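Student: Sequence first, then the predicted structure:
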Amino acid sequence: MSARYEELKGLKNLGQKYAYSDREVMLYAYGIGLGADPMDEKELAFVNEGTFTPRPLKVVPTFASVAAWGSGPGEMNLNRVMVVDGERDITFHQPLPVAANITADSSVVEVYDKGKDKGVVIAHQTVLKNEKGEKLATLVASRFARGDGGFGGPNLTQPDPHKIPSRAPDKTIDIVTRPDQALVYRLCGDRNPLHSDPEFAKKAGFPRPILHGMCTYGITCRGVLQTFADYDASAFRQHVARFSSPVYPGETMTMDLWKDGNTISFEAKVNSRGVTVIKNGKTVLG
């Protein structure tokens, strides 16, 4: 087995301490576009506390993706310019509180070496726990490093993705992103200049900064919230999505959704460019 594979596979970082407040919770919700209509009471519940009429603030389930931003299994020494998000799978063990002190335990799950000049996919897991040690959420992230790979790792195949129904979608919705959306979303933690610096984006092969994959992921959670979950954040058990192409801020995402029992399947595309940006999406409600 190659030393590089063993180095990556052995990365682990336990007991990372984080804290967040309602400020971070509201910023994340606004960053994925909730509250764009300031008179929409269902969306305001995620971005604004009630004044004369008390109203508990709601937490978007995928806030879990930034609640411990910066946590991870350790330095992977990848070519940062060539790294993009591949997939995210979050299992929700209980609703996230509006404010909390949390612990993050991170480790590398698997390394998929696609060969020289083909990149490598690194899957790592982070478990968020509350102060009692109870699990809040388990996040599995797949990072695609296009500038790495070919170091002699084992010939492993990634798990099959969720299969989308072949019938016509049960619902289709359009979600408009703002031209400045990446500049807002980056305040949730991800300061990768690929999303904010035009010069950096061009060096990475993009004509302009792209929206964070995790912002797109959060937008798909928003799509399920407003269609099949009646804005009930506590109903989410799992939310999975695979990133197939970037979204540019200002574009409109068209989301197709299928409901089969408690499972919601979804995909998203940008019709103006004829590209699918999210594939094999799945939400489990319960």
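Tutor: Sure, I can see it. Values in this document were obtained by computation on a predicted structure and should not be read as measured data.
Student: Please determine how far the closest residue to Asn262 other than its chain neighbours is located from Pro165.
Tutor: Excluding the flanking residues, the one nearest Asn262 by C-beta to C-beta, 6 or more residues apart in numbering is Leu285, at 4.8 Å. Backbone N, C-alpha and C define where each C-beta goes, glycine included. Distance of Leu285 to Pro165, given as C-beta to C-beta, to the nearest Å: 16 Å.
Student: Looking at those two now, which is surrounded by more residues?
Tutor: Applying other C-beta atoms under 10 Å to Leu285 and Pro165 shows that Leu285 carries more neighbours, namely 18 against 13.
Student: OK, contacts around that one?
Tutor: Shown in contact with Leu285 (C-beta atoms under 8 Å, 6 or more residues apart in numbering): Val224, Phe228, Ala229, Ala235, Phe236, Arg237, Asn262, Thr263, Ile264.
Student: Quick one, which of those residues are buried?
Tutor: Buried by 16 or more other C-beta atoms under 10 Å: Val224, Phe228, Ala229, Ala235, Phe236, Arg237, Thr263, Ile264, out of these.
Student: And the contacts of the helix or strand encompassing the last one?
Tutor: Following DSSP states H and E, the helix or strand that holds Ile264 is strand 263-270. Contact with strand 263-270 is made by 162-165, 216, 219-220, 223-224, 227-228, 241, 245, 247-248, 251-258, 275-285, as judged by C-beta under 8 Å, 6+ apart.
Student: What strands flank that strand, and is each parallel or antiparallel?
Tutor: strand 252-260 (antiparallel), strand 275-285 (antiparallel) (DSSP bridges).
Student: The residue minimising distance to the centre of the chain and Lys203, how far apart?
Tutor: Central residue of the chain (C-alpha atoms, centre = their mean): Met214, 3.4 Å from the mean position. The gap separating Met214 from Lys203 is 21 Å, by C-beta to C-beta.
Student: residues contacting the closest residue in space to Phe63 that isn't next to it in sequence?
Tutor: Excluding its sequence neighbours, the residue lying closest to Phe63 (C-beta to C-beta, 6+ apart) is Tyr28, at 4.8 Å. Taking C-beta under 8 Å, 6+ apart, we find Tyr28 in contact with Val60, Phe63, Val66, Cys188, Gly218.
Student: can we see that at 7 Å?
Tutor: Going by C-beta atoms under 7 Å, 6 or more residues apart in numbering, Tyr28 touches Val60, Phe63, Val66, Cys188.
Student: Surely it forms part of a helix?
Tutor: Yes. Assessed with DSSP: H, G, I helix; E, B strand; the rest coil, Tyr28 lies in a helix.
Student: I'd like to know which elements the longest strand seen in the chain is packed against.
Tutor: Longest strand in the chain, counting residues (DSSP state E): strand 100-113. Judged by 3 or more C-beta pairs under 7 Å, 6 or more residues apart in numbering; DSSP states H and E, strand 100-113 is in contact with helix 3-9, strand 12-20, strand 120-129.
Student: Try it again at 10 Å.
Tutor: Where contact means 3 or more C-beta pairs under 10 Å, 6 or more residues apart in numbering; DSSP states H and E, strand 100-113 is packed against helix 3-9, strand 12-20, helix 64-67, strand 120-129, strand 135-145.
Student: Show residues contacting the shortest one.
Tutor: The reference is to helix 64-67. With contact meaning C-beta atoms under 10 Å, 6 or more residues apart in numbering, helix 64-67 is reached by 18-20, 24-25, 27-28, 31, 59-60, 88, 90-93, 96-97, 100, 102, 104, 126, 128, 136-139, 141, 185, 187-190, 212, 214-215, 217-218, 221, 236, 239.
Student: Arg23 reaches Val47, doesn't it?
Tutor: No. Under the criterion of C-beta atoms under 10 Å, Arg23 is not in contact with Val47, lying 11.0 Å apart.
Student: neighbour count winner among the two?
Tutor: Val47 (21 against 9).
Student: Now for the more buried one: which residues touch it?
Tutor: 25-31, 34-36, 38, 40, 57-58, 60.
Student: what's the neighbour count on the closest residue to Gly31 other than its chain neighbours?
Tutor: Spatial nearest neighbour of Gly31, chain neighbours left out: Tyr185 (4.0 Å); criterion: C-beta to C-beta, 6+ apart. Residues lying near Tyr185 (other C-beta under 10 Å) number 29.
Student: What of Asn79?
Tutor: Asn79: 11 neighbours (other C-beta under 10 Å).
Student: The chain should start at 14 in everything you say after this.
Tutor: Okay, using 14 as the starting number, the last item reads as Asn92.
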